[in-house]
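> kindly generate the corresponding structure for this input.
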Amino acid sequence: MVHPRGFKDHHFGMNTDISFSITGEHSAEASDALRHELVRLECMLSRYLDGSDIQNINRHAGIKPVCVNPETCMILSASLSFSKLSKGLFDVTIGPLVDLWNFKQATRAPDKIRINKELSLVNYRSMMIKQGVSMVGLPQSNQSIDLGGIAKGYAGDCCRKILENQKIASGYISIGGNVITLGNKSDGSCWKVGIRHPRESNSLLGAVSVTDTSVVTSGDYERYFDDAEGNRWHHILHPKTGYPAKSGLISVTVVYENSMTADALATTIFVAGKERGLKLLSHFQGAGAVLVDDVQRVSVTNNIASVFQAAEGIDISIL
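Below you'll find the predicted structure:
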């Protein structure tokens, strides 16, 4: 049985809001372990923190490969697999474009000439990874890695392992909307993870009922700016055009047991669009998705239709 003792927390980390709720005899110890793990991962994977593996790789771009943590090597190797599978629609060498668009402060799109210049640096094939000796390098100066499409997912998997090691049987963790569930709720019912409506503030499209799985959403409403002409520019950039992706989708939610895979898939499907995205999804047995197109039609893959409950007034189609 799950011990009635529980622990909840909410804080800022990994450049996003983090919350969790866990129930079990060692919930306080598990909570401390989660906080320490999230700090450790941020210090290793953030491109903005001095001394991180990613910043070290980026600073030595065009100079030499550097030694990194084996975990960093593993994540970058996984990212290359997604890049190859998607034929470049997922690419962690997108850092120069992320810096150019600067979504935290920008009020207008960058000049096309500048976009093309930075776009020439984006090339997942150029990244050198030597897993045996944990070394990573980028061949051109000014190239840079950004793990925004995969790092939070990996952090979720690490957090789940910590809870399992602490014998926590019931819990959820939300890392910037990347939700990881462990077991069921303490009352035995499934976790219900809400999916945000991409166009209506403080509203949900619906919710999925899940156990021991991850629910990850990528949408054009997460970070964006509107320019003087009324154009919306969102943060999910297309690695081949240099501009925010226009695939016909405005929100993608992936439901899958592995959080890192779900994270990368949500980003990739958003860029790929519905038809190509579903083909990518089919490579991962058991993975399901909720897709919202640019006229706000909601589609749900058949394998998760029975656990998706649409909000009132929301019509869905089954894929």
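> can you list the residue ranges for strands in the stretch 201-319 of the chain?
204-210, 214-219, 224-226, 232-234, 249-256, 288-293, 298-300, 308-310, 316-318 (DSSP state E, counting those that start in this stretch).
> and the helices in the stretch 51-200 of the chain?
Listed in chain order, the helices of the stretch 51-200 of the chain (DSSP state H, counting those that start in this stretch) span residues 53-59, 70-85, 95-101, 112-119, 151-165.
> report how many residues lie close to the spatially closest residue to residue 219 that is not a sequence neighbour.
Nearest residue to residue 219, sequence neighbours excluded (C-beta to C-beta, 6 or more residues apart in numbering): residue 251, at 4.0 Å. In short, each C-beta sits where N, CA and C put it, glycine included. Counted by other C-beta atoms under 10 Å, the residues lying close to residue 251 total 25.
> same deal with residue 303?
So residue 303, with other C-beta under 10 Å, has 16 neighbours.
> so what's the closest residue to it other than its chain neighbours up against?
Nearest residue to residue 303, sequence neighbours excluded (C-beta to C-beta, 6+ apart): residue 288, at 4.7 Å. Applying C-beta atoms under 8 Å, 6 or more residues apart in numbering, we find residue 288 in contact with 254-256, 281, 300-301, 303-304.
> state the distance from residue 288 to residue 99.
According to C-beta to C-beta, to the nearest Å, residue 288 and residue 99 sit 34 Å apart.
> OK, contacts around residue 236?
Applying C-beta under 8 Å, 6+ apart, the residues near residue 236 are 218, 220, 244-245, 267, 270-271.
> any weak-confidence spans in the stretch 1-150 of the chain?
Within the stretch 1-150 of the chain, the ranges that satisfy pLDDT under 70 run 1-5.
> those strands in it, which residues are they?
Taking DSSP E, counting those that start in this stretch as the test, the strands found in the stretch 1-150 of the chain are 6-13, 16-23, 66-67, 128-130, 135-137.
> take the ones you listed and write them to JSON lines, including distance to residue 32.
Shown next, in JSON lines, are the strands of the stretch 1-150 of the chain (distance: least, C-beta to C-beta, whole Å):
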{"stretch": "strand 6-13", "distance to residue 32": "9"}
{"stretch": "strand 16-23", "distance to residue 32": "11"}
{"stretch": "strand 66-67", "distance to residue 32": "30"}
{"stretch": "strand 128-130", "distance to residue 32": "33"}
{"stretch": "strand 135-137", "distance to residue 32": "31"}
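> quick one on the thing from earlier: with residue 319 as the reference, measure out to the residue nearest to residue 219.
Distance, residue 251 to residue 319, by C-beta to C-beta: 15 Å.
> one more: residue 268?
For residue 268, the distance to residue 319 - C-beta to C-beta - is 17 Å.
> who's more crowded, these two?
A direct count of neighbours by other C-beta under 10 Å for residue 268 and residue 319 places residue 268 higher, at 27 against 17.
> is it true that that one touches residue 86?
Yes - when contacts are counted by C-beta atoms under 8 Å, residue 268 is listed as touching residue 86 (4.9 Å).
> shared neighbours, the two?
residue 280.
> on that earlier part again, so the residue nearest to residue 219 bridges to which residues?
Applying DSSP bridges to residue 251 gives these bridge partners: residue 219, residue 292.
> right, I'll call it a day here.
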